[in-house]
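K.L.:
The following block contains a protein sequence and its predicted model.
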Amino acid sequence: MSSSGNSKVNVLQQINHFWSMLDDLCRDDPEAYRKLIEKQMKEGADLSAAPELHSCICTDILDPNRGQLYINLCSWKRVPAPQHPGKPLPLCVGKLETEDKRGQGPYTVLDVAVNPGLLKEYKPDETEMNRLYMLLLNFVQQQHNLKLSQQYTPVSPRSTIQDLHRRLGFQQWPSMGNKADSEEEIACQTPASLLQKISSLHTEKEEEILIAPEPAEPKKKNLIQVISSTLVQPQRPEYLLEVRPDAEGSPRCVELTVELPKVSNMSECQLRISKDDVLLEVEDVYHLLLDFPHLVDEDSATAVFNKQKRQLTLRVNIL
């Protein structure tokens, strides 16, 4: 028998032992058994619940590059409630992303989830909600090294529910297939995860939370405790932006040279150019948004990547 086969046999033996223990508990202490099952079912239901969008605010990014930031505030049963006012606020943070889905220029989106009970408590109190929003703005500034306007506007969200779930790390469980597939799936699970999944089958939705790695400890005490994050902070690469003159000394084109030591191929780069700015992204690695010193003809843009120097050079004519 292969090592994979042995592993499955061992897991099935553990599951059998686990069910035997449950049977003993049910026979010897029915009340304890009932409480255990009820607890597992409640936890399974809470863990399988999807994050729900509560509200969205928009503010201006002032530095290092100007732009707009949309913060989606969500309620999520997976996030624990604050222990008391003196303790940090637990929250789950999604990945900071730049989008341009409406052809109105790039904007940045961040999803933040808190316990539903907190939002239910704050909802009637405009002052408390304002304090929460301001706390989130300060948190984003510290977490992403951004300078944000302290003025915000409640707006309609620009993200779809699917994008919000993806950035927060939430996915649905795949449905059970035939019996052979089910046995294969069971053989690859631990008893604890099996019980959680079985208990969650009693809920209306079969969903699973994919918990991202815990972030590093903060350097100083904060008012916010990040309990889960899909955050991958891209770096701002070194660059040189120059205006090249023509023979008569008039501005002719803009040349941007960017150092990309972690990039090996041009295909890894995403370039978006408008008349007044350029956005360069390498997923989870680099992010650079710059304003051109002059309006440019985006159709004239050419980009060359030097593999030896790991350097990208963009040239675009000035209008």
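P.N.:
Okay, I see it.
K.L.:
what bridges to Tyr286?
P.N.:
Note on Tyr286: beta-bridge partners by DSSP bridges are Gln235, Val282.
K.L.:
Which pLDDT value goes with it?
P.N.:
Note for Tyr286: predicted pLDDT of 88.
K.L.:
wait, what's in contact with it?
P.N.:
234-237, 260, 262-263, 280 (C-beta atoms under 8 Å, 6 or more residues apart in numbering). Bear in mind the C-beta positions are built from the backbone N, C-alpha and C, glycine included.
K.L.:
hmm, which two among these are most spread apart?
P.N.:
The distance between the two most remote of these (C-beta to C-beta) is 14.2 Å, for Arg236 and Val263.
K.L.:
Neighbour count for these two, which is higher?
P.N.:
Counting neighbours by other C-beta atoms under 10 Å for Arg236 and for Val263 shows that Val263 has the greater number, 20 against 12.
K.L.:
For Leu290, which three-state class applies?
P.N.:
strand (DSSP: H, G, I helix; E, B strand; the rest coil).
K.L.:
hang on, Glu255 in a helix?
P.N.:
No - counting by three-state DSSP, Glu255 is not part of a helix but strand.
K.L.:
how about low-confidence regions in the stretch 51-200 of the chain?
P.N.:
For the stretch 51-200 of the chain, the stretches with pLDDT under 70 are 84-86, 100-104, 171-200.
K.L.:
before we move on, back to that, so which of the contacts of Tyr286 is surrounded by the most neighbours?
P.N.:
Counting by other C-beta under 10 Å, top hit in the contacts of Tyr286: Leu260 with 24 neighbours.
K.L.:
show me where the stretch 101-250 of the chain has strands.
P.N.:
107-114, 147-148, 153-154, 170-172, 207-209, 224-229, 239-245 (DSSP state E, counting those that start in this stretch).
K.L.:
contacts for the longest one?
P.N.:
Counting by C-beta under 8 Å, 6+ apart, the neighbours of strand 107-114 from elsewhere in the structure are 51, 61, 67-76, 78-79, 89-94, 96-100, 132, 136, 140, 158-159, 163-164, 167-168.
K.L.:
Report the angle between it and strand 286-291.
P.N.:
Angle, strand 107-114 to strand 286-291, by axes from the mean of the first three to the mean of the last three C-alpha atoms, to 10 degrees: 130 degrees.
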